[in-house]
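>>> okay, here's the prediction I keep looking at, along with the sequence it came from:
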Amino acid sequence: MVWIYVLLVVLAGTLIPLQAGINATLRLSAGHPVLAAITNFSVGWAVLVSYALATRVTLPSAAQLSKAPWWSWIGGMMGACLVLAGVTLSHRLGAATFVALIIVGQLSSSVLLDHFGLVGFEQHSANPMRLLGVALLGLGAYLIRTH
């Protein structure tokens, strides 16, 4: 069963460069990077609301929502930063460099999140092999950018 999750995550990962390129192209028509990002989130919002309505997702109560930690509310802001970076930088850097750098950032922060057991992740110490993996990805990003 785990292999299905792995496949789904890999497939989701293929959307990152595609989304960045599509949004960067939309920026040319929208006239401003922020307008392209707003369009991206508006379409995403409409899709998610349609799905929630079609599947009759029940809304949580205000009491349930108030129990969420303060930091759980900033995920949308982080997504906006990622989309805006894609809109403004992906065509300038190229798909491979853009995604390589995104992955270096993702893995670097993931090792820290795991090491300290932050935001609900189980604690896994940063060891020399994990750090080597981050360094090798950084080297890979460098090679992709320079060759």
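That came through, no problem.

>>> how far away is the residue nearest to W71 when sequence neighbours are not counted from M1?
Here the nearest residue to W71 in space, its sequence neighbours aside, is V119; by CB to CB, 6 or more residues apart in numbering that works out to 6.7 Å. To be clear about C-beta, it is placed using only N, CA and C from the backbone, and glycine gets the same treatment. Computed as CB to CB, to the nearest Å, the V119 to M1 distance reads 25 Å.

>>> which of those two has more neighbours?
Residue environment comparison for V119 versus M1 gives the larger neighbour count to V119, 10 against 4, counting by other CB atoms under 10 Å.

>>> surely that one and S110 touch.
No: in terms of CB atoms under 8 Å, V119 does not count as a neighbour of S110; the distance is 10.8 Å.

>>> okay, V57 and G44: tell me how far apart.
16 Å.

>>> ignore the last one, Q64
Applying CB to CB, the value for Q64 to G44 is 23 Å.

>>> quick one, which of these two is more surrounded?
G44 (13 against 9).

>>> can you mark which positions in the longest helix along the chain are buried?
Scanning the chain for the helix with the most residues, using DSSP state H, yields helix 2-30. Of the residues in helix 2-30, those scored as buried under the neighbour-count criterion (16 or more other CB atoms under 10 Å) are I16, P17, Q19, A20, G21, I22, N23, A24, L26, R27, A30.

>>> tell me the pLDDT of H147.
Model confidence at H147, given as pLDDT, is 89.

>>> could you do M1 as well?
The predicted structure lists M1 with a pLDDT of 81.

>>> show me the shaky parts of the chain.
For the chain, applying pLDDT under 70 flags no range at all.

>>> so where do the strands sit in it?
Read by DSSP state E, the chain holds no strands at all.

>>> most distant residue from the centre of it?
Among the residues of the chain, the one whose C-alpha is farthest from the average of all C-alpha positions is A63, by CA atoms, centre = their mean at 28.7 Å.
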